[in-house]
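Student: Quick check, what structure comes out for this input:
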Amino acid sequence: MRVEIKLKTFFRGTKPMPSLQLASRNVLLILITSICLGGNFLFSQSTEEIAKALSSIDPTVAKDKFQEVFKNQDWEEVRNQINGANAKSSAEWKSITTKEGWEKYSNLKLAQLKTSLGKFPEETTQLNYKVLKSIPRDGYTIECIAYESRSGFWVTANLYRPKNATQAQPGVIICPAHHTPKENKELQEMGGIWSRAGCMVLVLDNLGHGERRQHPFESADSYPKPFRSSRQDYFFRYDLGVQLQLLEESLMGWMYWDIHRGVDLLLAQKDIAKDKIILLGAVAGGGDPAAVAGALDKRIAVVVPFNFGGPQPETKYPLPADAETTFNYAGGGSWESTRNLRLSAKDGFLPWVIVGSIAPRKLIYGHEFSWDQENDPVWKRLQKIHQLHGTTDSLGFTTGRGSVKGSSPEDSHCTHIGRTHRQNIHVLLEKWLDIKGVKDTPLESLASVNLKCLETKSAKDECPVKIQGPLEKLAQAQIDNALKKYPTPMTNETLASFKKDWANKLGAIASTMAAEVISRENTISENISITKALLKTEKEHHVPLILLKRANIKAPSNKIAIMISQGGKKSLLENRSSQIAALLQEGVTVCLPDIRGTGELKTGTSRGRSSGATSLSSSLMMTGDLRITGQLRDLQSVFEWLKKESSHPSPQFLVWGDSPCKTIPHNTNFNLPRDDDSILPMQPEPLGGMLTLLFALFNDEVKAITIQGGLTSYASTLKHHLVQIPNETLIPGIFNMGDISLLIHALGSRTMFLNQMVDGLNLEVAETKLEQLIMNNAKERKLPSTIHLGEVNLKIILKSLPTN
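Tutor: Coordinates of the predicted model:
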């Protein structure tokens, strides 16, 4: 009898076993040896043969109706949460019958709004600003200025001053649309007509726009191929939003504060009428921050937000008669973080509440195109709010014509606020603030270059507008504070506090229901037991998985490996079949689950700025959930199910977090326009690694951790104006938890392998640099002996998983 045993492993440090020629008299010895090793031989099979068999497994679990269920389960969850937020908000609104009731409700929601936006500098009326040049015009002067909104962060703006004013001047702040920066002809026109009428007009560059842009695409000449140069400021709003959210800040919060400090600037002018500050928010992306600033800053007397609070230009008209109960007051998520505020649906500061909270001050409810006034449920609420205050005369509106889809002269498209839209604004401002004599006629505009503020090197040095470097410093300050709060090596008390704070940050990390097996199919192929199971983990969510074991084992191992990847089980079977085979050779049970958003459950084919995955993630942030938290719940449900499935009372777990993406060369060009996600370099996929670390933090049964292609730090996403990490992996405020390095330290008692780790641009990080990052550049300290950099060593992994 001849038995050939080949156990070649693909893990570093485990040598292949030699072929053995054994006669029949040695059969008993073979059996005894097999038993002593826990039955860990797949007779007559090499690791290569097992790997080949694994790679041929059909990873599909979903059948028939469940394929359709998978397509809808994520959005069904979001729709239910948004509908619930709308219903709750409407019920709260119906219960309000007095001015005092509204004020109590409004004050609570505004406090929650402000908290969600981030932290703000201490209030002060002191303002550092510079007049960089003045341009005389007919009846007014344009000052090109810069003012310091936050320490080290400057705002570029044009200040229009009337000439020969004989009385205190009303102040007007214009928050531009995302279409153009402050030099646009329409903005020059508004600055001119109102300054001629005796107003002081401040037109600012929004963060990321115009002279405050963070990307290099200033004009069509900035890139050798055709691209939409005028849209880059708008598109790169996404990147700024993500970077600020990582700091537990927000783009909306920073835009609000810029406006707030703009009010300080106007009030500091000696000829200003302090009780006549007006804020206008332009049609596309200007109305949102104007509404927020108008609600929070009580010094503003009149607020004119366009396209915010109620029906949008894209809303189908006419509205239904039952719009009061069917209208989506909360809205939905997209890559524009200023239009879908984090926690807004959860905490109830919906757009209509924000606009309504401007009362009893004066509001002009602006619509760019035709407006169904009769059926607009938000308009009805605004009317009631002002009735409660006794200020119905302080509520007005302005509207355009036609539709956003039309292109005829009857469709009142504009860049910021068109002459059509300004007509009723003039009427109301004369009525309310006695601003008379406005002649809204075309004015000769200056070339955009003439209205630039930072023309000289000294001006650019004195008034810096680039924020990547300062954001990195803010992030490091938060990380340093976290290191002080959670010193390493962590004591049991510190670790408990760390876990608690992470749980608070993530939200609900465990499902409220036990996993239910919807379907199960068992087969055996090439001496491998293959179980395909479909688990229901939550009301709207299912997890398809594959469970792999050695077949015909009398004494199965207590060791279980869970492998997770953005590419799901299909990617793991294709790209990690050798590693899975080696684990099976050692008797380890291997589970390959497709948690939500991965594998069979992926949300579309793209993971970029304009993808459905980003819209879904943004929507979840509105409802107070994080995509990665939901994925953690799925993984926890699979984990609990595996423990019940195991024949051992105390199974030992290895969790393997994998990336399906290859790293890219260090000489890759990242200075690319944001027109199309598909032209950008391959992005990193940090989900597997990050989820592995978080899951291990909350489960002591996880004794070993392997991360392949994981993210080294979220701080690395601040080094470039282009953000490449998927929105789904965004964790607001992660630097307050010490970034990824502190999470690694918290798991220092576990065996851990980190291989081919990458930065935020998907560039591989050298092991020496990785060690410095993990140790936070502390030269006098060494990496814990349990943390290994480089390829996985199976012997060390198995040693960390004791056999019961």
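Student: Output the below-cut-off pLDDT ranges for the stretch 451-600 of the chain.
Tutor: Counting by pLDDT under 70, not a single residue of the stretch 451-600 of the chain qualifies.
Student: can you map out the helices along it?
Tutor: When secondary structure is read from DSSP state H, counting those that start in this stretch, the stretch 451-600 of the chain shows helices at 457-462, 468-485, 492-506, 568-575, 577-585.
Student: Now the fourth one - C-alpha only, CSV.
Tutor: Provided in CSV are the C-alpha atoms of helix 568-575 (Å, rounded to 0.1, in the frame of the first residue of the first chain):
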residue,chain,number,x,y,z
GLY,A,568,-16.9,38.9,-0.6
LYS,A,569,-16.5,35.2,-0.8
LYS,A,570,-16.1,35.2,-4.5
SER,A,571,-13.0,37.3,-4.3
LEU,A,572,-11.6,35.2,-1.4
LEU,A,573,-12.1,31.9,-3.2
GLU,A,574,-10.4,33.4,-6.3
ASN,A,575,-7.5,35.2,-4.6
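Student: Please work out which of the helices of the stretch 451-600 of the chain is packed deepest.
Tutor: helix 577-585 (a mean of 24; mean count of other Cβ atoms under 10 Å). Yep, even glycine has a C-beta here, placed from its N, CA and C like the rest.
Student: what angle sits between that one and helix 568-575?
Tutor: 100 degrees (axes from the mean of the first three to the mean of the last three Cα atoms, to 10 degrees).
Student: Packing partners of helix 577-585?
Tutor: Here helix 577-585 touches helix 47-55, strand 542-550, strand 589-593, going by 3 or more Cβ pairs under 8 Å, 6 or more residues apart in numbering; DSSP states H and E.
Student: Would you mind giving these as CSV with distance to residue 652 added?
Tutor: Formatted as CSV, the helices and strands packed on helix 577-585 follow (distance: least, Cβ to Cβ, whole Å):
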stretch, distance to residue 652
helix 47-55, 22
strand 542-550, 15
strand 589-593, 11
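Student: Deepest in the core, which of the ones you listed is it.
Tutor: By mean count of other Cβ under 10 Å, these have strand 589-593 as the most buried, with a mean of 26.
Student: Direction included, what does that strand pair up with?
Tutor: strand 542-550 (antiparallel), strand 559-565 (parallel) (DSSP bridges).
Student: mind giving me the domain split of this protein?
Tutor: Listed by automatic domain parsing, the domain ranges of the chain are 96-466, 474-664+683-799.
Student: just the helices in the stretch 601-750 of the chain please.
Tutor: Under DSSP H, counting those that start in this stretch, the stretch 601-750 of the chain gives helices at 612-622, 627-645, 687-697, 739-746.
Student: The stretch 1-150 of the chain: helices as residue ranges?
Tutor: Under DSSP H, counting those that start in this stretch, the stretch 1-150 of the chain gives helices at 27-36, 47-55, 65-94, 99-117.
Student: deepest of these, which one?
Tutor: Comparing the helices of the stretch 1-150 of the chain by mean neighbour count (mean count of other Cβ under 10 Å), helix 47-55 comes out on top with a mean of 19.
Student: Against which helices or strands is that helix packed?
Tutor: Against helix 47-55 (3+ Cβ pairs under 8 Å, 6+ apart) you get strand 528-536, helix 568-575, helix 577-585.
Student: pLDDT-wise, which helix or strand of the protein ranks last?
Tutor: helix 27-36 (a mean of 38; mean pLDDT, DSSP states H and E).
Student: Can you point out the buried residues in the helix or strand where residue 797 lies?
Tutor: Using DSSP states H and E, residue 797 sits in helix 794-799. Neighbour counts using 16 or more other Cβ atoms under 10 Å place 794, 796-798 of helix 794-799 among the buried residues.
Student: Stretch 720-737 too?
Tutor: 720-732, 734-737.
Student: Strands of the stretch 701-804 of the chain, residue ranges please.
Tutor: 702-708, 751-755, 787-789 (DSSP state E, counting those that start in this stretch).
Student: Count residues in the vicinity of the nearest residue to residue 514 once chain neighbours are set aside, would you?
Tutor: Of all residues not flanking residue 514 in the chain, residue 640 sits nearest, at 6.8 Å (Cβ to Cβ, 6 or more residues apart in numbering). Residue 640 has 16 neighbours, counted by other Cβ atoms under 10 Å.
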